[in-house]
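>>> Pasting a predicted model and its sequence here:
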Protein chains: 2
Amino acid sequence: MAESIDYSGRFSADVGNFFRSPVREIFKRVKLDEIYSFAGGYPHSSTFPMEDIRELSSLVIDRYGAKAFQYGATQGVPELREALAARYSVPVDRVQISTSSQQGIDVCTRVLVDPGDVVLCSAPTYLGALQSFRSYRADVRSLDFNAPDVEQRLEAIVSGGGRIKFCYLIPDFQNPSGETMDLDSRRRLVDLARRFDFLIVEDSPYRELRYEGESVPTIYGLAPERTIHLGSFSKIFAPGFRLGWIIADPALLDSIYVCKQSLDLCPPVFDQYLAAEFLSSGRLDANLVRSKELYRSKRDHLLSLLERYMPEGVSWTRPEGGLFLFLTLPEGFDSVAFYDRALDAGVAYVAGSFFYADGSGRNTMRLNFSFLATERMEEGIRILSKLLGEELERL
Amino acid sequence: MAESIDYSGRFSADVGNFFRSPVREIFKRVKLDEIYSFAGGYPHSSTFPMEDIRELSSLVIDRYGAKAFQYGATQGVPELREALAARYSVPVDRVQISTSSQQGIDVCTRVLVDPGDVVLCSAPTYLGALQSFRSYRADVRSLDFNAPDVEQRLEAIVSGGGRIKFCYLIPDFQNPSGETMDLDSRRRLVDLARRFDFLIVEDSPYRELRYEGESVPTIYGLAPERTIHLGSFSKIFAPGFRLGWIIADPALLDSIYVCKQSLDLCPPVFDQYLAAEFLSSGRLDANLVRSKELYRSKRDHLLSLLERYMPEGVSWTRPEGGLFLFLTLPEGFDSVAFYDRALDAGVAYVAGSFFYADGSGRNTMRLNFSFLATERMEEGIRILSKLLGEELERL
């Protein structure tokens, strides 16, 4: 083999802003089934409709033949776009299939954001979105959209020369907090977006997973002219298919369409037909009923375990849906430093500060309740609570 | 619905350099099976191993269970990376799975190229690569690497302040020309890359489709320290799976790995297991024997039809493999202007100038011989040749 060369001076400026997902790094260190993992956002294996997929694989081959294996349209196959348009009552020309909803976030940033442009988000927010925004050298600003001074803060950004491109939000069962924006907050946000003329990226991977309470209208429904709605099959079918969708104004989708030609030409075709048949046959809804039942009971179980085992001074959110809840510990506790001790004892979580654009929130942690087997949750929480109790006594 | 808003001022600077694929636009205008299409780079439907896929879908479900539907590693599933590492005799830490080889091109450009950086390519070259290079505002320079003045031209670029990042090539059965670089040319290129210290992106989607002659060593094999080798399952399995691979130095792959986290987290997982089993079971090689036999006979048929029907003054390449050959017509002929007449008569091709970074090559056209049914090729070439004859008489 020839000598190796130095790559360090060869990279684009963007690369300097890449950062690796601490969540994905955890998964490289441990085998998920050997620990008590409250870390990832993995759906529970039992929600994957494997027998449906076995049948649908044959059905897709019989029904669509070679078309299911050939290059497909960049926008996605018509059958899947039409099924989604019908499900969410939007015109089909507003539906673009994405190769994962992560790609939806990434491609929106690509077509909208130049280095230095402002992207607004809440604190905490989804780590993968922060990775993408940073990778395009966006100026990421955390904002509490319900704060009384939000207008002044937006005015300060604009008068300081900031070009606000969009605001990124997960209004339903947020990752990581588990919280849901109420209708008033959504209306206020839309009002601000119209006043300050920025777009809204509404990331909705968990919206279909509501376990109690009333569904709140989407932000897209309130402001379809300026909202980009991102959906995902990862939590309602299977993440292994890497399929999501983008609902937005055709003027914006046209740029995304041209961009996607050079990104990957088209989304996976066989997988799209599987998803289209899974959806239009009614199997998706049937599977969703079972998944929601499972997740509701897992959420309830985790909440009761926290109630029972957690030391005083620890509080947590009570999500109405989704996959996560968020713990807040006393000031001074450091969930990043504590992480290795927990992992040594066999328990994984994600340190909350990874979800803050400014690295704050060291006294928080995200717990996932979808992945770990229900019967293993108690032992995991017992271990974590005991360690936390010892740590808090030392503070 | 709320009023619409103006999107025109909202896009990033990159968007101004996006251009749509004229090939994909053709496919929006016509139904491929209703015309004589020599246009796309579509594999023939009969090469898709649908009965294998039916069996393998069940086998993957039985063998890998939920793992095949869960989130996967960003680098790709180990089974597929290992199978490719074994097939191409490279260490597994040099193999990254990409969500299509188009993504391979795109992500290399993303991590290496800043606006204004020079990317070298041959003229003509693959259109989808030009789309990607332009989308990052690269300074794309066409170069004949066999020209006697190639060194002076490279020196002129460098002394003019050009930062040459990489050279992009399809050394085997090039798209669109069908030509293959001989070993001497590859060695000279490597020598130039070492002297002028640029990387080489070796795009090899057709390499396994050789119908005659001896295989030439890969450029990667000659210069593994500075070559990024891109492979694809599109032509040897099925394009609908959107799976490719990147073989490169781990220092470069590490940046691509972090980039890919924010691009789409991981490649499609179920599809990767299908590909891994297709490969390691020996079915891929068996299918490849049949595909090559089919394509060889289709190439031979097209060559004999061109010989028989084409008017004087038209010449073409004689590819030893791949999916394309390239026609050169007399100076003054304009294959872009001629295109609508051909399509009205039911024949589609791709105008050669689309493959030239500078828009030259108006007197060329690309013909694909993999897609159209063998028994329909004669009528298609007869029509095209007659029209061309009439047009050339008018010149």
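Alright, I've got the coordinates. Please read all numbers here as calculations on a predicted model, not as lab measurements.

>>> just for chain A, where's the confidence low?
Applying pLDDT under 70 to chain A picks out residues A:1-2.

>>> Can you show me the helices along chain A?
For chain A, the helices defined by DSSP state H occupy A:22-29, A:50-64, A:78-87, A:101-112, A:127-135, A:150-159, A:183-196, A:219-222, A:250-264, A:269-280, A:283-309, A:335-344, A:374-394.

>>> Please identify the most buried of these.
helix A:101-112 (a mean of 27; mean count of other Cβ atoms under 10 Å in any protein chain shown). For glycine as for every other residue, the C-beta is placed from the backbone atoms N, C-alpha and C.

>>> helices or strands up against that helix?
Contacts defined by 3 or more Cβ pairs under 8 Å, 6 or more residues apart in numbering or on different chains; DSSP states H and E place helix A:101-112 against helix A:127-135, strand A:164-169, strand A:199-203, strand A:227-232, strand A:244-247, helix A:250-264, helix B:250-264.

>>> could you redo the last one with a cut-off of 6 Å?
With contacts taken as 3 or more Cβ pairs under 6 Å, 6 or more residues apart in numbering or on different chains; DSSP states H and E, helix A:101-112 sits against helix A:127-135, strand A:227-232, strand A:244-247, helix A:250-264, helix B:250-264.

>>> Output that helix in PDB with nothing but the alpha carbons.
C-alpha atoms of helix A:101-112 as PDB (Å, rounded to 0.1, in the frame of the first residue of the first chain):
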ATOM      1  CA  SER A 101     -37.300  12.800   8.000                       C
ATOM      2  CA  GLN A 102     -33.700  13.600   9.000                       C
ATOM      3  CA  GLN A 103     -33.200  14.300   5.300                       C
ATOM      4  CA  GLY A 104     -36.200  16.600   5.400                       C
ATOM      5  CA  ILE A 105     -34.500  18.700   8.100                       C
ATOM      6  CA  ASP A 106     -31.200  18.700   6.200                       C
ATOM      7  CA  VAL A 107     -32.600  19.600   2.800                       C
ATOM      8  CA  CYS A 108     -34.700  22.400   4.200                       C
ATOM      9  CA  THR A 109     -31.600  23.800   5.800                       C
ATOM     10  CA  ARG A 110     -29.600  23.300   2.600                       C
ATOM     11  CA  VAL A 111     -32.000  25.200   0.400                       C
ATOM     12  CA  LEU A 112     -32.800  28.000   2.900                       C
END
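
>>> can you give me the offset of that helix from its chain's centre?
13 Å (Cα atoms, centre = their mean, to the nearest Å).

>>> Give me the contacts around it.
Here helix A:101-112 makes contact (Cβ atoms under 6 Å, 6 or more residues apart in numbering or on different chains) with A:98, A:128-129, A:132-133, A:136, A:165, A:201, A:205, A:228, A:230, A:232, A:244, A:246, A:255-256, A:259, B:11-12, B:15, B:262-265.

>>> can you redo the helices of chain A as JSON lines with distance to residue B:84?
Output for these, formatted as JSON lines (distance: least, Cβ to Cβ, whole Å):
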{"stretch": "helix A:22-29", "distance to residue B:84": "20"}
{"stretch": "helix A:50-64", "distance to residue B:84": "24"}
{"stretch": "helix A:78-87", "distance to residue B:84": "29"}
{"stretch": "helix A:101-112", "distance to residue B:84": "23"}
{"stretch": "helix A:127-135", "distance to residue B:84": "27"}
{"stretch": "helix A:150-159", "distance to residue B:84": "48"}
{"stretch": "helix A:183-196", "distance to residue B:84": "46"}
{"stretch": "helix A:219-222", "distance to residue B:84": "41"}
{"stretch": "helix A:250-264", "distance to residue B:84": "19"}
{"stretch": "helix A:269-280", "distance to residue B:84": "20"}
{"stretch": "helix A:283-309", "distance to residue B:84": "33"}
{"stretch": "helix A:335-344", "distance to residue B:84": "32"}
{"stretch": "helix A:374-394", "distance to residue B:84": "36"}
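
>>> now for these, which one comes closest to residue B:43?
Among these, the nearest to residue B:43 by Cβ to Cβ is helix A:269-280 (12.7 Å).

>>> ok, the nearest residue to residue A:360 once chain neighbours are set aside to residue A:303 distance?
Closest residue in space to residue A:360, ignoring its immediate chain neighbours: residue A:353 at 6.5 Å, by Cβ to Cβ, 6 or more residues apart in numbering or on different chains. Using Cβ to Cβ, to the nearest Å, we find residue A:353 at a distance of 23 Å from residue A:303.

>>> can you pull the contacts of residue A:66?
Residue A:66 is in contact with B:45, B:48, counting by Cβ under 6 Å, 6+ apart.

>>> go again using 10 Å as the cut-off
Shown in contact with residue A:66 (Cβ atoms under 10 Å, 6 or more residues apart in numbering or on different chains): B:42-48, B:50, B:238, B:240.

>>> how about a markdown table for the residues you listed, with distance to residue A:175 added?
Shown next, in a markdown table, are the contacts of residue A:66 (distance: Cβ to Cβ, whole Å):
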| residue | distance to residue A:175 |
| --- | --- |
| B:42 | 39 |
| B:43 | 40 |
| B:44 | 44 |
| B:45 | 41 |
| B:46 | 45 |
| B:47 | 42 |
| B:48 | 38 |
| B:50 | 38 |
| B:238 | 34 |
| B:240 | 31 |
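
>>> ok, so of those, who is nearest residue A:219?
residue B:240 (33.8 Å).

>>> ok, that closest one touching residue A:61?
No. Applying Cβ atoms under 10 Å, one finds residue B:240 not in contact with residue A:61, separated by 11.4 Å.

>>> who touches both of the two?
Contact criterion Cβ under 10 Å, 6+ apart; residues shared by residue B:240 and residue A:61: A:68-69, A:270, A:273, B:48, B:53.

>>> Farthest pair within those residues?
Of all pairs in these, the most separated under Cβ to Cβ is A:273 and B:48 at 13.3 Å.

>>> intersection of neighbour lists for the two?
Residues touching both residue A:273 and residue B:48 (Cβ under 10 Å, 6+ apart): A:61, A:67-69, B:240.

>>> Counting neighbours, what do you get for residue A:232?
Per other Cβ atoms under 10 Å in any protein chain shown, the neighbour tally for residue A:232 reads 23.

>>> That should have said residue A:214, apologies.
Residue A:214: 7 surrounding residues under other Cβ under 10 Å.

>>> what sits against it?
Residue A:214 touches A:183, A:320, counting by Cβ under 10 Å, 6+ apart.

>>> Backbone dihedrals for it, please?
The phi/psi pair for residue A:214 (degrees, to the nearest 10) reads phi -90, psi 140.

>>> what's the distance between it and chain B?
Distance of residue A:214 to chain B, computed by Cβ to the nearest Cβ, to the nearest Å: 23 Å.

>>> rewinding a little: tabulate the helices and strands packed on helix A:101-112 (a markdown table), appending distance to residue A:160.
Listed next are the helices and strands packed on helix A:101-112 as a markdown table, based on distance: least, Cβ to Cβ, whole Å:
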| stretch | distance to residue A:160 |
| --- | --- |
| helix A:127-135 | 19 |
| strand A:227-232 | 25 |
| strand A:244-247 | 31 |
| helix A:250-264 | 26 |
| helix B:250-264 | 27 |
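
>>> how far away is the closest residue to residue A:50 other than its chain neighbours from residue A:49?
In this structure, residue A:50 finds its nearest non-sequential neighbour in residue B:61, 5.3 Å apart by Cβ to Cβ, 6+ apart. Residue B:61 sits 11 Å away from residue A:49, going by Cβ to Cβ.

>>> Find residues that contact each of these two.
Between them, residue B:61 and residue A:49 share the contacting residues residue B:69, judged by Cβ under 10 Å, 6+ apart.
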